[in-house]
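K.L.:
fold the following for me, if possible:
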Amino acid sequence: MPLTAVHADLGPVDATLPDLGCGARWEDIHRVRPRAPLTCPGCTGAVRAKRSSKKLRFFAHDVVTPDCPHNGESLAHHLLKAELAGAAREAGWVCALEVAGNGWRADVLSTHPTQGRALAWEAQLAAITIEDVDERSRRMHKDGVGVCWVSDRNPPWLGQAPSIRVERADDGTLMVVDGLARFVPKWCPKRHKCSRLAAVGPCPGHGHWEQVEPLPLVHFAAAIRDDTTRPLRLRSGVHQAWREQDRVVRWTTAAYAALEAEQVAATEVAEAAQAAALAAYRRGLPPAPPPPDVRRRRLHQAGIAQLVAEEAPRQTGEPAVFDPPHARWAWGVPVSIGGRVRAVICPDPTAVPAVLDRLASVVLYVLADKDVDVLAGHAAPGQRIAVVNGQRRDLQLGGGP
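P.N.:
Residues are numbered from 1 along each chain as shown. Coordinates of the predicted model:
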């Protein structure tokens, strides 16, 4: 059920164009006698011009051939392909449908009218693995063709590759409702001294990515044509739900990408400053023995770890695994159950802000109510902090965050 065909006299015919791309009319090939000499560009089998109940023009095989690349394509798939081509053309791209390349076939291949940049729009409604998406994308990239995967559903590969989800608005406009993001920067008033780090180092940035409001597909296609919007693998300030599902590839502007890059660089500087401070501390500045708060935290870590070691097998059926305190866990003791870090025991409050993104998915355990007050002043809003009561032992380690 292709949208293109080859006419014996007119050459390539595109059912989505008013002049069929060859200066002819639909009436010249639809229900004419003698029948128009049309063949499928995929398998060279004979086809005839048809129109669906939704007025979609397409070509149907006389006899389906097993090796035709158009086998199994639904009417909804063809309708989406036609709408992708229409939006891209309206946005200023030069488009061709069902274009075959070196080991790949693009549903819609759009080309910049002057620069020659090419982008394939892949309408993907059937189930497909992320491995197949990556492999097909790799073949196109090898030939210098970018790709945007498009679905009107919520497939698991959405956000794992350059992709968008579309929905139809009440007025019939096809809108991009998922796949776009903007970065919202946030810095401490005094950039050289982060309030969340208790003046230990410079501000690492507290900005975050957020979903963009629905955007007409034609506007999105125009932004890609103008090279103001590109796919980006997000690195900092990523929404926890996106991170957990590995949906961190989003279309965004160069300006938002630059804001994120600034925060990434600042975070590296802040972490280096904290590491230097900790290294100086370990060299004896201040001298050993450690300050009382450090000694107290170590005692609490040991006490809570003992409770966790006893309770974890009873609650989860699996043992708890403890790693040494590390900067990536704010110098707390990470507790792993089933191969995943579920909790961190008594992190250093001054080191927590630098790793808030990592700590957001775990529970922070302390031994006394007053520790909550100290830690809450440095943790993120809504951070889960639990007081471990040695008599109650309600650790609740099995469910995770």
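K.L.:
for the stretch 301-401 of the chain, what are the low-confidence residue spans?
P.N.:
Residue ranges of the stretch 301-401 of the chain with pLDDT under 70: 389-401.
K.L.:
try 50 this time
P.N.:
Residue ranges of the stretch 301-401 of the chain with pLDDT under 50: 391-394, 398-401.
K.L.:
quick one: the longest helix that the chain contains to chain centroid distance?
P.N.:
Ranked by residue count and defined by DSSP state H, the top helix of the chain is helix 254-282. Distance, stretch centre to chain centre, for helix 254-282: 23 Å (CA atoms, centre = their mean, to the nearest Å).
K.L.:
packing partners for whichever helix or strand D132 is part of?
P.N.:
Using DSSP states H and E, D132 sits within helix 130-142. Here helix 130-142 touches strand 145-151, going by 3 or more CB pairs under 8 Å, 6 or more residues apart in numbering; DSSP states H and E. Where you see a C-beta, it was placed from the backbone N, CA and C, and this is true even at glycine.
K.L.:
the helix or strand just after the strand it packs on vs helix 130-142, what angle?
P.N.:
Going down the chain from strand 145-151, the next helix or strand is strand 163-168, by DSSP H and E. Counting by axes from the mean of the first three to the mean of the last three CA atoms, to 10 degrees, strand 163-168 points 100 degrees away from the direction of helix 130-142.
K.L.:
how about strand 163-168: buried residues?
P.N.:
S163, I164, R165, V166 (16 or more other CB atoms under 10 Å).
K.L.:
what's the mean pLDDT across the helix holding D132?
P.N.:
Averaged over helix 130-142, pLDDT sits at 95.
K.L.:
which residues outside it are in contact with it?
P.N.:
101-104, 106, 120, 122, 124, 146-147, 149, 156-157, 160-162 (CB atoms under 8 Å, 6 or more residues apart in numbering).
K.L.:
do stretch 108-124 as well
P.N.:
So stretch 108-124 is contacted by 77, 80-81, 84-85, 88, 92-97, 99, 104, 106-107, 133, 136, 140, 144-151, 155, 221, 224-225, 227 (CB under 8 Å, 6+ apart).
K.L.:
let's see it at 6 Å
P.N.:
With CB atoms under 6 Å, 6 or more residues apart in numbering as the test, stretch 108-124 has contacts from 77, 80-81, 84-85, 88, 93-97, 99, 106-107, 140, 145-151.
K.L.:
now swap in stretch 219-238 and tell me
P.N.:
With CB under 6 Å, 6+ apart as the criterion, stretch 219-238 contacts 87-88, 91-93, 162, 176, 207-209, 248-249, 251-253, 257, 260, 263-264.
K.L.:
name the element E83 belongs to?
P.N.:
With DSSP H and E as criterion, E83 is part of helix 75-90.
K.L.:
buried ones in that helix?
P.N.:
So helix 75-90, judged by 16+ other CB under 10 Å, has buried residues 77-89.
K.L.:
who does the helix or strand following it pair up with?
P.N.:
Beyond helix 75-90 on the C-terminal side, the first helix or strand identified by DSSP H and E is strand 94-100. Here strand 94-100 has these sheet partners by DSSP bridges: strand 105-111 (antiparallel).
K.L.:
report the separation between the residue nearest to H70 when sequence neighbours are not counted and S151.
P.N.:
Closest residue in space to H70, ignoring its immediate chain neighbours: P2 at 4.7 Å, by CB to CB, 6 or more residues apart in numbering. Applying CB to CB, to the nearest Å, the value for P2 to S151 is 20 Å.
K.L.:
likewise for W157?
P.N.:
In terms of CB to CB, W157 sits 9 Å off from S151.
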